[in-house]
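Engineer: Provide a 3D model corresponding to the input given below.
(one chain, ligands or ions: 2)
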Amino acid sequence: MKDIRGAGIVGTFFHAPTRERLDVLEDVLILVDERGAISAVLPPDDPARPDIERQCGENLLRLPPGQFGLPGLVDLHVHAPQYPQLGLALDEPLEVWLQKYTFPLEARYADLDFARERYATLVEDLLATGTTTALYFATRHEAATKLLADICIEKGQRALVGKVVMDDPAACPDYYRDESAETAIAETRAVIDHIRSHPDNGAGRVLPVVTPRFIPSCTDAVLQGLGALAAECGCHVQTHVSESDWAHAHVLARYGITDAAALDSFGLLTRKSVLAHANFLTDADMDRLASAGSAVAHCALSNIYFANSVFPLRHALEKGVHVGLGTDISGGPSASMFEACRATVQSSRMLAEGVDPTLPPESRGRPGSAVDLVTAFHLATAGGGVALDLPIGILAPGYRFDAIAIDTNAREGAIRLFGETAPGAIFEKIVYGATRANIAAVWVDGRIT
Ligand code: GUN
Ligand code: FE
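Structural biologist: Ligands and ions are numbered 1, 2, ... in the order given. The predicted structure is shown next:
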């Protein structure tokens, strides 16, 4: 496969511009400009097509039989330094897991050689798994955070990267803590400047993110300072909100208001804020997020291990909250956004039906909570784009050509078609079955990665 810049690609593509609707773009020609934006999507009967295809000449790529195109997947919550612990250390509650396993691992990224090897492997693996955009928590280290951004720029992934801030001596160990609120803010600013002025990042494919880890690890002074910095620099914000019983209760006890209300009071709920988990949001919190335009990164797989409950996704969507999906590497044991789609559908079903067989069916679950596969896929693509306020996740003019090609015939893959031709059936088999071996090509801004 090759770059599709200043060129075109012909094939059948699926995308989900709204959560109700799967669009099948059958045998379309997608034209991509020199900078990687989609300029046109032409159906087979468009009268201009023969001429345009002739003009494209060698620059026209055709997806081979059995291959289908999708928008690239948008992972809204990745802890990059936790990749070595993927699939490990899932036996403790959040507050113990952080101190026992996660902080000791993240502290090792003070060593740039240690960081380089792991970050390079992560970014290569995520691209190969179809994740064209990732929103990354790095570690508290300025140098290693810059290195992660450099690696994303070099490897061509669209990425948003934040230096983790955690400065509260009462909550963070001596060996892994920001020295002070002032140094944490200064280092965050240095990372923002580094990413914005990087000579190979002129297109802004990698963006900086203000990243207080979560309220329980931060002092009031640093939360205030980071809110002001986000306003000043206009960059994205990411943190965790009301993830578990413990985290939710911690903030209530500290301030007498909810986690979301407290983040808002520090100026951390903006149009470009992404809040991970959000399981225990109240209705008033959801209204607050909806009016700020802040988004939830729904991490269905991780929530099974750490969140004590299932996020009421459907309710949040009906209240108008922006939502995308996240793997939460390594809170969730899979790096695949297809896995995140599956877990989203499955956990919503468990919330709807309930899980305790000793209860009668009518009081076992929370009816009306289930979402379908199209909704999950929409959230993993277009929903992520809306959450980040970026033109990605939809294959239409004005959007970036961030896309993947799925080979449904790959022997090493897990998709098996037995003559199915209905596009809806092919789509379901792709999202439920696709593994890395099925991903034949990955483009970001029209460039093959
Ligand atoms: N809350 C604060 N830090 C973390 C983290 O690294 N992972 C998860 N899942 N929750 C957190
Ligand atoms: Fe997380």
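Engineer: can you name the residue of the stretch 101-250 of the chain nearest ligand 2?
Structural biologist: residue 240 (5.5 Å; Cβ to the ion). Backbone N, C-alpha and C define where each C-beta goes, glycine included.
Engineer: spatially nearest residue to that residue (excluding sequence neighbours)?
Structural biologist: Of all residues not flanking residue 240 in the chain, residue 214 sits nearest, at 4.0 Å (Cβ to Cβ, 6 or more residues apart in numbering).
Engineer: and if you look at residue 380?
Structural biologist: Leaving out its chain neighbours, residue 380 is closest to residue 325 (Cβ to Cβ, 6+ apart), at 4.7 Å.
Engineer: over to residue 23?
Structural biologist: residue 15 (5.6 Å).
Engineer: and that neighbour, how far from residue 422?
Structural biologist: 17 Å (Cβ to Cβ, to the nearest Å).
Engineer: residues contacting the residue of the stretch 101-250 of the chain closest to ligand 2?
Structural biologist: Residue 240 makes contacts with 213, 214, 247, 275, 276, 277, as judged by Cβ atoms under 8 Å, 6 or more residues apart in numbering.
Engineer: mark which of the residues you listed are part of strands, please.
Structural biologist: 275, 276, 277 (DSSP state E).
Engineer: state the pLDDT value of the closest residue to the last one other than its chain neighbours.
Structural biologist: Closest residue to residue 277 apart from its sequence neighbours, by Cβ to Cβ, 6+ apart: residue 243 at 3.7 Å. We have a pLDDT of 98 for residue 243.
Engineer: what's around residue 243, how many residues?
Structural biologist: Residue 243 has 28 neighbours, counted by other Cβ atoms under 10 Å.
Engineer: tell me the secondary structure for the residue in the chain positioned nearest to ligand 1?
Structural biologist: The chain approaches ligand 1 most closely through residue 331 (3.4 Å), counting by Cβ to the nearest ligand atom. At residue 331 the chain is in coil, as set by DSSP: H, G, I helix; E, B strand; the rest coil.
Engineer: spatially nearest residue to it (excluding sequence neighbours)?
Structural biologist: Using Cβ to Cβ, 6+ apart, the nearest residue to residue 331 is residue 302, at 3.5 Å.
Engineer: can you classify the one you found as helix, strand or coil?
Structural biologist: Relying on three-state DSSP, one would call residue 302 helix.
Engineer: and for residue 133?
Structural biologist: Quick answer, by three-state DSSP: residue 133 is strand.
Engineer: number of nearby residues for residue 148?
Structural biologist: 31.
Engineer: wait, a helix at it?
Structural biologist: Yes. Residue 148: assigned to a helix according to three-state DSSP.
Engineer: quick one: pLDDT of it?
Structural biologist: 99.
Engineer: shouldn't it be in contact with residue 161?
Structural biologist: Yes. Using Cβ atoms under 8 Å, residue 148 is in contact with residue 161, at 5.5 Å.
Engineer: who touches both of those two?
Structural biologist: Shared contacts of residue 148 and residue 161, counting by Cβ under 8 Å, 6+ apart, come down to 136, 138.
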